[in-house]
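Q: This is a predicted model, with the sequence first.
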Amino acid sequence: MNYKDVAERIIELKKSDLKFREKLIENGKLGEGYNKEMAKIHNKNAKILNEIIDEIGYPTVEKVGKEASEAAWLIIQHSIEQPEFMKKCAELLEIAVRENKVDSINLAYLTDRIAVFEGKPQLYGTQFDWDENGEMNPNQFDDIVKVDQRRKAFGFNKLEEQTEIMKERVKNENQRPPKDFEERKRKYDNWRKSVGWIK
């Protein structure tokens, strides 16, 4: 198995994802629901990465190098219409973290993302969205003191500080809150049902 070829392939997948994301930012369309073209890219990337993982296991730094390993994690984070794939990767990532083969921060982000899609409280406060007041805030979490303790263990800043950073980021990316929060929430819940995050 030539891991160098695999690494290059994973990096190319990430590039196609980020290139299209950049296009959405430029056109001020990043925050307007889940773009169909972007979904297509994410699903295609997930399918290819899943085949790679079935062949080589989780793409750790020692197998594919730092850049490709980080790229694999990004592809997994973005494969939001593939619950089974994301959960499978979270399990593999957990093993790789225990063996000190990947950055544990990646597991924190993926764990939170899965929790949010399943409608559960996140543990590390890494996932943000618009609230009913049109503000960018963390998705549901269990307890601010515990969240900040967990964040500290990972070397993260406090959740309050991260919230300010996220608010600045969405402003810089021309993202705007949804015009109709309830309508967006309804569509989001329908989408989660349709792809299998919730019943």
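A: Received the coordinates, thanks.

Q: Contact partners for the residue most central in space within the chain?
A: By CA atoms, centre = their mean, the chain has its centre lying nearest to Gln77, at 3.0 Å. Neighbouring residues of Gln77 by CB atoms under 8 Å, 6 or more residues apart in numbering: Tyr109, Leu110, Arg113. C-beta: built from backbone N, CA, C; applies to glycine.

Q: closest to Glu183 among these?
A: Proximity of these to Glu183 (CB to CB) peaks at Arg113, which lies at 23.3 Å.

Q: rewinding a little: need the contacts of Gln77 in CSV with pLDDT and neighbour count, can you?
A: Converted to CSV, the contacts of Gln77 look like this (pLDDT from 0 to 100; neighbours: other CB atoms under 10 Å):
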residue, pLDDT, neighbour count
Tyr109, 96, 20
Leu110, 97, 20
Arg113, 97, 21
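
Q: Flag the shaky bits of the chain, pLDDT-wise.
A: 31-32 (pLDDT under 70).

Q: re the thing from before, among the contacts of Gln77, which are located in helices?
A: Members of those lying in helices (criterion: DSSP state H): Tyr109, Leu110, Arg113.

Q: how many other residues sit next to Asp174?
A: I think there's a mix-up here, since residue 174 is Asn and not Asp. 14 (other CB atoms under 10 Å).

Q: my guess is it meets Leu24, correct?
A: No: counting by CB atoms under 8 Å, Asn174 stays clear of Leu24, with 9.5 Å between them.

Q: Against which helices or strands is the longest helix seen in the chain packed?
A: For the chain, the helix reaching the highest residue count under DSSP H is reported as helix 3-26. For helix 3-26, the elements it packs on are helix 36-56, helix 61-64, helix 66-77, judged by 3 or more CB pairs under 8 Å, 6 or more residues apart in numbering; DSSP states H and E.

Q: hmm, back to that, who touches both of Asn174 and Leu24?
A: Leu30.

Q: Which residues does the one helix or strand Met86 maps to contact?
A: Following DSSP states H and E, one finds Met86 within helix 83-98. For helix 83-98, contacts defined as CB under 8 Å, 6+ apart pick out 46, 50, 53, 57-58, 60, 73, 76, 79-80, 102-104, 106-107, 110-111, 113-114, 117, 195-197.
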